[in-house]
Structures are given as C-alpha cells and as structure tokens.
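>>> task: produce atomic coordinates for the following.
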Amino acid sequence: MILHSRRLILAVSFAAVLLASRTTATDPPAFPPLPTAVSSLGAVECYGYLYVYGGHAGKTHTYDTKTVLGTFHRLKLDGGAKWEELPGGPILQGMNLAAHGGKVYRVGGMHPRNAPGEPADNISLKDCARFDPKVGKWEPLPALPAGRSSHDVVVTGDKLVVVGGWEQKGKGEKPAWHDTALVFDLAAKNPEWKAVPQPFQRRALTAAAVGSTVYVLGGLGEAGGDRRVDVLDVATGKWAAGLALPGADRVAFSPAAAAVGGRLVVNTSEGPVYRLNGKGDGWEKVGEAKTKRVVARLIPYGTDAVILVGGAGGDRSNVDAVEVVRLDARREPVTADR
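Got it, this is the predicted structure:
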C-alpha cells in the first residue's frame, strides 16, 4: 500500500511538472509597457532588441510640439525588464523604422510646428537617418525627394522600400498625395532614392516584405478607406493585385503587418490576426489581440508569434501595452468580400 501511494505521488508530481513546463512554454512573455502611451510610432526589431521612435501622445487628430515625440528607446527581447533610452531626434509621427545590417533606419514623418492650442501647422519631412547601436549615434542619409508621412518603409535584401503616404506642407496648404514608391539601395557605392510608379495613392497603410515581394495593405485614399492589397516585386518593379483585407471597410485604416516565418501576417482594428495561406490565395485567422488598436506596429517574434506595439484603442486613447500574440497552429479560413 505504501509503495503504491509513493508511485501515485510521484506520478502526480511528474504530471504537475510536465503541465507547468507546457504552460511556461506556451504562455507569452510579459513585456514592460512603453515609456509613454503612443500611436503612429516607428518600431522595429534589430539584433534581439525592440526599438521604438517618436509617435503621438496626445488626443486623436490634435498635433503639436508637446504631444508628438522625438524620443528613442529599446528593449531587450530576451529577458528585458526595462526600456533603455537612446539619443532621440526630431519630433515625428506617421513614420516607421526599418533594420538592416544591425543598424536602424528612420525615414520621413510628420512634424508639427505649432505649439499647443495654436492652429495646426504640420509638415512632412524629407529627413532620413541611420542609428548605429555600436556607437550610439544617428547619422544623416540622403533626403527623400519630397517630404513624406503616413507612409511605411520596409527592407528587402539590401534595399529600403518606401510606399504610400502624402506630403503635408504646413498651415493652410493642401497636402500632395504620393504616386510613387521609393527604393534606396544600401549596397550601392553612392546610394540614392529611385522612384517606382505606384498604382495607388493612399496613406495610413501598412507594408511587409516577404522575400523580394512587398505587400502594401489597406490605407486611406481621397475617397476614404480601401481594403485593397497591392504587391510589388522589387526585383522587376512590377505591381500586382493581392487579396483584399478581410473584415468591414473600417479595417482599411492603419492596420499593422509583418513577415513571420516567410508568411505575411496582419492585425486589423477589429482585433483578429490573419495570415496569408501557403498558396497565397486566402486568409486564415491565426490569433486575436486582447487590446484592439489602430496605428500600431506589428513585430515578428520568433516563428510563431508577433508583438503588437502601441497604437490607439477603441476609445481613441493611446496604448502603452506591448502585447505578444501567439499564432495558432489551427487555421480558420477567412474570406474577404472583394
């Protein structure tokens, strides 16, 4: 009887340890919140760190020199418990970061010139810069041909690719919508920005690179939201039509996308995380964000998870949560109505 009891205790203990290990393996890590709750920020992973730059910390559609930030921080993804402040730069929102060769790139962005309470005076900057973590400094790069904000930037191979956006020209001036994408060859001896005709004019969109293919998803045109997806083959400069985003038309505004394990993944304001299927002819639901948000950033985390960073929640207040969403192995096919 005693021997039987001991075996039972050991079996129960082993089961408890096994369950605990499985729970630990599948539970997402808890990252500290952003230093400030922001939306429309730039974010990228580079050599094991999550970098975030700028963003909007004020009320929706109200921009000024106090509520748009120029701060720059990073967090170690493996066990990091505290954000490290790095040298910042111009106050910017409506921009993004990209990473290549261990360095972080910043391209354009919207820069308000008005103090709080003054009439809006927003301009889109041409400025581009590169941050080298080894020396802890920014260095300027060749400027864009024209100011650009509310766009996105990705890296494919050695090329920076900028898509979408518009140029805001300041108080009382009408913005100009961009109809070209831009490519910057980082491997060139004397790199310069080269224009590629763009079959759309949209801002508040998102982009992700899978191999030499750049997916441009959603956004706003002069007529409103558009759930369309455009696909650029960077090697040839040719565009093709992709599958529209699933969901209601409102998901067109500022979704967030990333490439995870060689597959396109996107999160929309309704909360779901979708992945383009292996054949590229359908969407599948593979996750759900706890905090619904727009104008956030989506960062790949290993081969089976993404990190949602910042954004604006359903009540339009800015979000400081850094949320990990595991990608479910079960695939739930989802269709778009166009």
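
>>> any buried residues in stretch 223-230, and which?
Of the residues in stretch 223-230, 225-230 count as buried by neighbour count, 16 or more other C-beta atoms under 10 Å. Placement of C-beta: from N, CA and C, glycine included.

>>> so for it, mean pLDDT?
Average pLDDT, stretch 223-230: 95.

>>> coming back round to it: mind checking which of the buried residues of stretch 223-230 are in strands?
225, 229-230 (DSSP state E).

>>> residue 64 and residue 119 touch, don't they?
No. The pair residue 64 and residue 119 fails to qualify as a contact (C-beta atoms under 8 Å) at a distance of 10.1 Å.

>>> after the helix or strand of the chain with the lowest mean pLDDT, which helix or strand is next?
Lowest on mean pLDDT, DSSP states H and E among the helices and strands of the chain sits helix 2-26, with a mean of 41. For helix 2-26, the following helix or strand on the C-terminal side (DSSP states H and E) is strand 42-46.

>>> and the strands in the stretch 201-338 of the chain?
Using DSSP state E, counting those that start in this stretch, the strands of the stretch 201-338 of the chain run over residues 206-210, 213-217, 220-221, 224-225, 229-233, 238-241, 256-260, 263-267, 272-276, 283-288, 297-300, 305-309, 322-326, 332-334.

>>> how about those strands in a markdown table, adding distance to residue 159?
Output for the strands of the stretch 201-338 of the chain, formatted as a markdown table (distance: least, C-beta to C-beta, whole Å):
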| stretch | distance to residue 159 |
| --- | --- |
| strand 206-210 | 9 |
| strand 213-217 | 9 |
| strand 220-221 | 26 |
| strand 224-225 | 29 |
| strand 229-233 | 11 |
| strand 238-241 | 15 |
| strand 256-260 | 15 |
| strand 263-267 | 18 |
| strand 272-276 | 22 |
| strand 283-288 | 27 |
| strand 297-300 | 19 |
| strand 305-309 | 23 |
| strand 322-326 | 29 |
| strand 332-334 | 31 |
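
>>> closest to residue 174 out of those strands?
strand 220-221 (15.3 Å; C-beta to C-beta).

>>> tell me how far that closest one is from the chain's mean position?
Distance of strand 220-221 from the chain centroid (C-alpha atoms, centre = their mean, to the nearest Å) equals 18 Å.

>>> cool, and stretch 88-104?
Worked out by C-alpha atoms, centre = their mean, stretch 88-104 lies 11 Å from the chain centre.

>>> quick one: end-to-end length of that stretch, please.
In stretch 88-104, first residue to last residue: 12 Å (C-alpha to C-alpha, to the nearest Å).

>>> who touches the residue positioned nearest the centre of the chain in this structure?
The residue lying closest to the centre of the chain (C-alpha atoms, centre = their mean) is residue 297, at 3.0 Å. Residue 297 makes contacts with 41-44, 52, 96, 256, 308-311, as judged by C-beta atoms under 8 Å, 6 or more residues apart in numbering.

>>> could you dump the residues you listed to JSON lines with pLDDT?
Shown next, in JSON lines, are the contacts of residue 297 (pLDDT from 0 to 100):
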{"residue": "41", "pLDDT": "98"}
{"residue": "42", "pLDDT": "98"}
{"residue": "43", "pLDDT": "98"}
{"residue": "44", "pLDDT": "98"}
{"residue": "52", "pLDDT": "99"}
{"residue": "96", "pLDDT": "98"}
{"residue": "256", "pLDDT": "98"}
{"residue": "308", "pLDDT": "98"}
{"residue": "309", "pLDDT": "98"}
{"residue": "310", "pLDDT": "98"}
{"residue": "311", "pLDDT": "98"}
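
>>> closest to residue 249 among these?
Nearest to residue 249 among these, with distances taken as C-beta to C-beta, is residue 256, at 17.4 Å.

>>> could you give the number of residues near the closest one?
Neighbour count for residue 256, taken as other C-beta atoms under 10 Å: 29.

>>> check which residues of stretch 129-140 are buried.
For stretch 129-140, the neighbour count (16+ other C-beta under 10 Å) marks 129-131, 138 as buried.

>>> residues in contact with that stretch?
Residues outside stretch 129-140 that contact it (C-beta under 8 Å, 6+ apart): 46-47, 49, 51, 72, 74, 86-87, 89, 102-106, 127-128, 141.
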